[in-house]
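Asks: Have a look; sequence and predicted model below, questions after that.
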Amino acid sequence: MKKIVTLLGDFYHPHDQLVDYFQGIVKKFPQELEMTDLTIDQLRKALQEQPDIFLLSKENRLAPETDQAVWLDETYDQLITEYVANGGSLIAHHSGLSNYPIHSTFHDMLGGRFIHHPKPTEVVYRDQKGLSYKIWDEHYFTEVDQAKTEVRLHSYSQSGESIAAWRHQYGKGSVFCITPAHFSEGLQHEATEKLLLEGIDWCLKLM
């Protein structure tokens, strides 16, 4: 039984909806995966037990509507990066790329970050084989160090072009970053789910 732990939800991305979504993804995976959703306080103990995958879909800001408090301090920065370097796998999904400090080991490990997104619009996602699909989404514009990672997906809208998914090894572990999607229709699109399942499979096979 492979184990995946998750840290999900923030002000703009409801926790319970994400739990239901990722539980559905886990059930579609051909191997047996046991998913455990965590609070921030539970993260230290969980990662010290070296689960197979840590899936993060939560931005760094705790209460962006009222203040600028964040959860990723130096302790969590070290905890997560050491977990991956020692052979764990991190999947940073959508808001899991948002508002994390540039001057951190966590940022260096991700190899990229979310910069901004315009108002929701039609976004075309195209993979390395030229296969594409279109959904209504927040078009995440990212900054990615392409020399240190493998780009898996590009995104296009009336606002421009960006990188939407990338992956690489970090120490003995692996990192997979994916920006789609924000809305339920996009999350449940067959191509989005396929990309996420392929990312999980890639992480597990690298272990």
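Replies: Right, received. Where do you want to start? Numbers count the residues shown, from 1 in each chain.
Asks: Could I get the full set of strands for this protein?
Replies: Using DSSP state E, the strands assigned to the chain run over residues 2-8, 33-37, 53-57, 89-93, 112-116, 121-127, 132-137, 141-144, 150-157, 160-170, 173-178.
Asks: Can you list the helices and strands that the longest one packs against?
Replies: Applying 3 or more C-beta pairs under 8 Å, 6 or more residues apart in numbering; DSSP states H and E, one finds that strand 160-170 contacts helix 74-85, strand 141-144, strand 150-157, strand 173-178, helix 190-205. Bear in mind the C-beta positions are built from the backbone N, C-alpha and C, glycine included.
Asks: How far does the third one sit from its chain's centre?
Replies: When you say that, I think you mean strand 150-157. 14 Å (C-alpha atoms, centre = their mean, to the nearest Å).
Asks: ok so, going back, out of the helices and strands packed on strand 160-170, which gets nearest to Y100?
Replies: Judged by C-beta to C-beta, the one of the helices and strands packed on strand 160-170 that comes nearest to Y100 is helix 74-85, at 8.9 Å.
Asks: Tell me which of the helices and strands packed on strand 160-170 sits most buried.
Replies: Greatest average neighbour count among these goes to strand 173-178 (a mean of 25), per mean count of other C-beta atoms under 10 Å.
Asks: For T142, which residues are in contact?
Replies: T142 sits next to 97, 112-115, 162-164, 179 when contact means C-beta atoms under 8 Å, 6 or more residues apart in numbering.
Asks: Repeat that for E122.
Replies: Contacts for E122 (C-beta under 8 Å, 6+ apart) come out as 134-137, 157-158.
Asks: Show me how to select, in ChimeraX, the buried members of these.
Replies: The following ChimeraX line selects those of the contacts of E122 that are buried, judged by 16 or more other C-beta atoms under 10 Å:
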select :135,137,157
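Asks: Now that we have the contacts of E122, can you turn them into TSV and tack on pLDDT and distance to Q50?
Replies: Listed next are the contacts of E122 as TSV, based on pLDDT from 0 to 100; distance: C-beta to C-beta, whole Å:
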residue	pLDDT	distance to Q50
K134	98	39
I135	98	35
W136	98	38
D137	98	34
S157	98	39
Q158	98	44
